[in-house]
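Engineer: sharing a model that was predicted from the sequence below.
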Amino acid sequence: MYLMFFSIFMYFSGLLAFSLNRKHFLMMLLSLEFIVLSLYFNLFIYLSDFLNEYNFSMIFLTMSVCEGALGLSILVSLIRTHGNDYFNSFNLLW
């Protein structure tokens, strides 16, 4: 019961960090990964009640790792082309 409240607190603190750190692309990616980690923790707690069905949690973990790798590759390409990760300089993309 307490772990469920802890994961919900983690989720909302990740949302707060995502909304407050919107100047740097790297900080936004880190807060998104924190949100995904809290969702994974919540899913793990929820699936532990149903006869230890952890197969879906491994699929979710695989997809979240792919999402993180895609975000880091976009970050690296933006830093190579623009030199920084500020959202103020992204208007040059359009």
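Structural biologist: Good, I have the coordinates.

Engineer: residues contacting the nearest residue to G71 once chain neighbours are set aside?
Structural biologist: When the adjacent residues along the chain are set aside, G71 lies closest to L29, with 4.6 Å between them (Cβ to Cβ, 6 or more residues apart in numbering). From N, CA and C alone the C-beta is placed, and that goes for glycine too. Residues in contact with L29, defined by Cβ atoms under 8 Å, 6 or more residues apart in numbering, are 68, 71-72, 75.

Engineer: likewise for L75?
Structural biologist: Contacts for L75 (Cβ under 8 Å, 6+ apart) come out as 25-26, 29, 85.

Engineer: relative to N52, which of the residues you listed is nearest.
Structural biologist: Within the contacts of L75, proximity to N52 (Cβ to Cβ) peaks at L29, which comes in at 32.0 Å.

Engineer: so who does the residue nearest to L15 when sequence neighbours are not counted touch?
Structural biologist: Here the nearest residue to L15 in space, its sequence neighbours aside, is I35; by Cβ to Cβ, 6+ apart that works out to 6.6 Å. Applying Cβ under 8 Å, 6+ apart, we find I35 in contact with 11, 14-15, 18.

Engineer: what two of these have the greatest distance between them?
Structural biologist: Of all pairs drawn from the contacts of I35, the one with the longest distance (Cβ to Cβ) is Y11 and F18, at 10.5 Å.
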